[in-house]
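>>> Next come a sequence and a model predicted from it.
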Number of protein chains: 2
Amino acid sequence: MARWEPNATERLAVAALELFAERGYENTTVIDIAQRAGLTKSTFFRHFQDKREVLFGRGTMNELLAEAIAAAPAAATPLEAVAYALDELGRQAFTPARRAFAARRRAVIAANQELQEREALKGLGLIASMADALGRRGVPALTASVAAELGALAWKIAYERWSDTLDGDDFGVIARQTLAEVRAASPQC
Amino acid sequence: MARWEPNATERLAVAALELFAERGYENTTVIDIAQRAGLTKSTFFRHFQDKREVLFGRGTMNELLAEAIAAAPAAATPLEAVAYALDELGRQAFTPARRAFAARRRAVIAANQELQEREALKGLGLIASMADALGRRGVPALTASVAAELGALAWKIAYERWSDTLDGDDFGVIARQTLAEVRAASPQC
């Protein structure tokens, strides 16, 4: 019988990141990660499909973005609706407490091609979620795709700026500023 | 001694695609691919780092894009320079003869997550190549990134439109049209 493990997802992600940094992604097994987190292998696989997923699988990010875009004011332009979604990321996912984790996570991913590939595919999924959510607001498909791509670019740059230092502005503030810069760098602006 | 195998890259890619379609990516080995192509496993690994790479590893696409962007007229805007690169793709990579291959390749990739991940990371590499090439033309970094992202979006949509049918316009024509649509769907247009 599966018993409830408080915070299992978070504990597994923190343990995995420690181990990947200490001995490398290739030299770390799922069993190692579970043991470091004080959990079992089967608990790991209840939360994540494979070893790579532990750095990506919080799984709620797609829904969080979609809900924030749906909840944006009716008068918001597509890019303004995306800005609301980035705000929500700052409130719920990229909180100040996760800043140090984010910096270590970036370094671990940068060192391993498999992790980079998983991250790249997750990125496409997040773009599709944003575009779909904009489509449900009545935004034409291509306009939705462009806004989602620009939002993702702003997000990626903002995430790097945010996690490059341990102090400085919160993610939401950096993301809004970066999105404004991306918008100003778009054709015909 | 490695002897020269005419067209080895192309033969391996065609053999791999056939096998992936027939029996699935997971059930195909590198030895199977080499045998089907009439080549050896060591020839395979002289051309590709691993099994996944056989559908992506022509390896010259980054250079092709960078050279086309460098060669675009001095007066071209960033997005116009990207349009020249898409033209060049149509002339050198996505030729009419490759149309049927492209459709089968899309179907095989859509059926396998590992291939999707490799494709996603390759896509980021192509975007970075375009942005770097624009940067060498003196385009500011963020403007270059935005133009590269929009170019990649147009490319992706154009590739789907082009490979959806076996006749119809050439890739370059479709890509130019799609890029114009993407531009028109950008903020403030």
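Structure received. Numbering: from 1, shown residues only, chains lettered A, B, ... in the order given.
>>> and the gap between A:Gln60 and A:Thr9?
Small correction: residue A:60 is Thr, not Gln. Separation of A:Thr60 from A:Thr9 (C-beta to C-beta, to the nearest Å): 10 Å. All C-beta spots, glycine's among them, are computed from the backbone N, C-alpha and C.
>>> So which of the two has more stuff around it?
Each of A:Thr60 and A:Thr9 has its neighbours counted (other C-beta atoms under 10 Å in any protein chain shown); A:Thr9 has more, 19 against 12.
>>> How about the more buried one, nearest residue that isn't a chain neighbour?
In space, A:Thr9 comes closest to A:His47 once its chain neighbours are excluded; the distance is 5.2 Å by C-beta to C-beta, 6 or more residues apart in numbering or on different chains.
>>> repeat for A:Gln49
Per C-beta to C-beta, 6+ apart, closest to A:Gln49 is A:Gly57, 7.2 Å.
>>> contacting residues for that neighbour?
A:Gly57 sits next to A:9, A:47-49 when contact means C-beta atoms under 8 Å, 6 or more residues apart in numbering or on different chains.
>>> And the buried ones among those, selectable in ChimeraX?
Burial among the contacts of A:Gly57 is assessed by 16 or more other C-beta atoms under 10 Å in any protein chain shown; the matching ChimeraX selection reads:
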select /A:9,47,48
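>>> Buried residues in stretch A:171-189, which are they?
A:171-172, A:174-176, A:178-179, A:182-183, A:185-187.
>>> Keep the residues you listed, but drop any that are not near chain B.
Restricting the buried residues of stretch A:171-189 to those touching chain B (C-beta under 8 Å from any C-beta of the partner chain) yields A:182-183, A:185-187.
>>> Dump those residues into TSV; add secondary structure and pLDDT as well.
Output for these, formatted as TSV (DSSP: H, G, I helix; E, B strand; the rest coil; pLDDT from 0 to 100):
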residue	secondary structure	pLDDT
A:Val182	helix	96
A:Arg183	helix	94
A:Ala185	coil	93
A:Ser186	coil	91
A:Pro187	coil	84
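>>> Who are the contact partners of the most centrally placed residue in chain A?
When chain A is reduced to its mean C-alpha position, the nearest residue by C-alpha atoms, centre = their mean turns out to be A:Met61, at 6.3 Å. By C-beta under 8 Å, 6+ apart, the contact set of A:Met61 is A:89, A:93, A:126.
>>> Flag the shaky bits of chain A, pLDDT-wise.
Low-confidence regions of chain A, defined by pLDDT under 70, span residues A:1-4, A:58-59, A:188-189.
>>> can we see that at 90?
A:1-7, A:10, A:56-61, A:93, A:97-98, A:165-168, A:187-189 (pLDDT under 90).
>>> Show me which residues of it are close to chain B?
With C-beta under 8 Å from any C-beta as the criterion, chain A comes near chain B at residues A:77-79, A:113-114, A:116-118, A:120-121, A:123-124, A:140, A:142-143, A:145-147, A:149-150, A:153, A:157, A:181-183, A:185-189.
>>> Okay, helices next: where are they in chain A?
A:8-23, A:30-36, A:41-47, A:61-71, A:78-92, A:99-110, A:113-136, A:141-164, A:171-184 (DSSP state H).
>>> List the buried residues for stretch A:75-83?
Buried-residue list, stretch A:75-83, by 16+ other C-beta under 10 Å: A:78-79, A:81-83.
>>> what does stretch A:144-162 give?
A:144-155, A:157-159, A:161-162.
>>> Dump it to CSV, keeping only the CA atoms.
Provided in CSV are the C-alpha atoms of stretch A:144-162 (Å, rounded to 0.1, in the frame of the first residue of the first chain):
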residue,chain,number,x,y,z
ALA,A,144,-1.4,32.8,-30.1
SER,A,145,1.7,30.9,-31.2
VAL,A,146,3.7,34.0,-31.7
ALA,A,147,2.7,35.4,-28.3
ALA,A,148,3.5,32.0,-26.7
GLU,A,149,6.9,31.9,-28.4
LEU,A,150,7.8,35.5,-27.3
GLY,A,151,6.5,34.7,-23.8
ALA,A,152,8.7,31.6,-23.6
LEU,A,153,11.8,33.6,-24.8
ALA,A,154,11.1,36.3,-22.2
TRP,A,155,10.7,33.5,-19.6
LYS,A,156,14.0,31.8,-20.5
ILE,A,157,15.9,35.0,-20.4
ALA,A,158,14.2,36.1,-17.1
TYR,A,159,14.9,32.7,-15.5
GLU,A,160,18.6,33.1,-16.3
ARG,A,161,18.7,36.7,-15.0
TRP,A,162,16.7,35.7,-11.9
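>>> quick one: that stretch to chain centroid distance?
Relative to its parent chain, stretch A:144-162 has a centroid offset of 11 Å by C-alpha atoms, centre = their mean, to the nearest Å.
>>> Kindly report the same for stretch A:177-189.
Using C-alpha atoms, centre = their mean, the offset of stretch A:177-189 from its chain centre is 22 Å.
>>> again with stretch A:15-31
20 Å.
>>> List of residues touching that stretch?
For stretch A:15-31, the external contacting residues (C-beta under 8 Å, 6+ apart) are A:32-34, A:36-37, A:41, A:44-45, A:50-51, A:54-55, A:101, A:104-105, A:107-108, A:111-112, A:114-115.
>>> at 10 Å what do you get?
By C-beta atoms under 10 Å, 6 or more residues apart in numbering or on different chains, the list of residues contacting stretch A:15-31 from outside reads A:12, A:32-41, A:44-45, A:48, A:50-55, A:101, A:104-105, A:107-109, A:111-115.
>>> Which of those residues are buried, as a PyMOL select command?
In PyMOL, the members of those classed as buried (16+ other C-beta under 10 Å) are selected with the following command:
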select buried, chain A and resi 12+32+33+34+36+37+39+44+48+51+52+53+54+55+101+105+108+109+112+114+115
